[in-house]
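Q: how would this look folded up:
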Amino acid sequence: MNEVYEFVQHGHKIDENELVVEFRFDADVTKEQAVRMVDRIVSLADNDNRFAKMSGHTPKMYALSPFREEITDV
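A: Have a look, this model is predicted:
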């Protein structure tokens with residue numbers, strides 16, 4: 001596993017930590033499909049006490065592959 005960059009986020013208004021994670025998908029997966037997949041992964045953890053300290057998730061960015069067959073202005 002790569003080293004995870006760590007810093008203090010002084011702009012936080014809530015006493016919580018954030019971990020930014022990259023999920024990678026095949027180039028034909030849309031943003032909506034990717035968000036649904038990640039939501040499903042998180043929902044699987046909802047009923048597992050090992051993840052009780054995870055307070056939520058928020059999709060913020062979807063980087064598209066420049067090698068996709070169909071390129072449209074985004």
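Q: hey, let's count contacts and neighbours off CA atoms from now on
A: Fine.
Q: Tell me, how many residues neighbour Lys60?
A: Around Lys60 there are 7 other residues, counting by other C-alpha atoms under 10 Å.
Q: What of the one 5 residues further on?
A: Residues within reach of Ser65, counting by other C-alpha under 10 Å, total 12.
Q: so what pLDDT did it get?
A: Per-residue pLDDT puts Ser65 at 86.
Q: Check which helix or strand the closest residue to Phe25 other than its chain neighbours maps to.
A: Nearest residue to Phe25, sequence neighbours excluded (C-alpha to C-alpha, 6 or more residues apart in numbering): Ala34, at 7.3 Å. Taking DSSP states H and E as the definition, Ala34 sits inside helix 31-45.
Q: Mind listing what's buried along that helix?
A: Across helix 31-45, burial judged by 16 or more other C-alpha atoms under 10 Å covers 34-35.
Q: State the mean pLDDT of that helix.
A: 92.
Q: contacts for that helix?
A: 25, 51, 59, 62 (C-alpha atoms under 8 Å, 6 or more residues apart in numbering).
Q: can you list those residues in CSV and add neighbour count?
A: Output for the contacts of helix 31-45, formatted as CSV (neighbours: other C-alpha atoms under 10 Å):
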residue, neighbour count
Phe25, 14
Phe51, 11
Pro59, 11
Tyr62, 14
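Q: okay, among the residues you listed, which ones form the most distant pair?
A: Phe51 and Tyr62 (24.7 Å; C-alpha to C-alpha).
Q: Ser65: what's it in contact with?
A: Ser65 neighbours (C-alpha under 8 Å, 6+ apart): Ala27.
Q: Find the helix or strand that it is a member of.
A: Short version: Ser65 belongs to no helix or strand, going by DSSP H and E.
Q: I'd like the distance between Ser55 and Ala45.
A: In this view, Ser55 and Ala45 are 11 Å apart by C-alpha to C-alpha, to the nearest Å.
Q: Equivalent analysis for Val38, please.
A: In terms of C-alpha to C-alpha, Val38 sits 11 Å off from Ala45.
Q: Just the C-alpha atoms of stretch 49-62, please, in PDB.
A: The C-alpha trace of stretch 49-62 is given here as PDB (Å, rounded to 0.1, in the frame of the first residue of the first chain):
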ATOM      1  CA  ASN A  49     -20.200  -3.000  14.100                       C
ATOM      2  CA  ARG A  50     -16.500  -3.000  12.900                       C
ATOM      3  CA  PHE A  51     -17.500   0.200  10.900                       C
ATOM      4  CA  ALA A  52     -19.500   1.900  13.600                       C
ATOM      5  CA  LYS A  53     -17.100   4.900  13.800                       C
ATOM      6  CA  MET A  54     -17.500   5.700  10.100                       C
ATOM      7  CA  SER A  55     -20.000   8.600  10.000                       C
ATOM      8  CA  GLY A  56     -20.700   9.000   6.300                       C
ATOM      9  CA  HIS A  57     -19.400   9.400   2.800                       C
ATOM     10  CA  THR A  58     -19.700  12.100   0.100                       C
ATOM     11  CA  PRO A  59     -18.800  11.600  -3.500                       C
ATOM     12  CA  LYS A  60     -17.000  14.800  -4.700                       C
ATOM     13  CA  MET A  61     -15.100  14.300  -7.900                       C
ATOM     14  CA  TYR A  62     -15.100  11.800 -10.800                       C
END
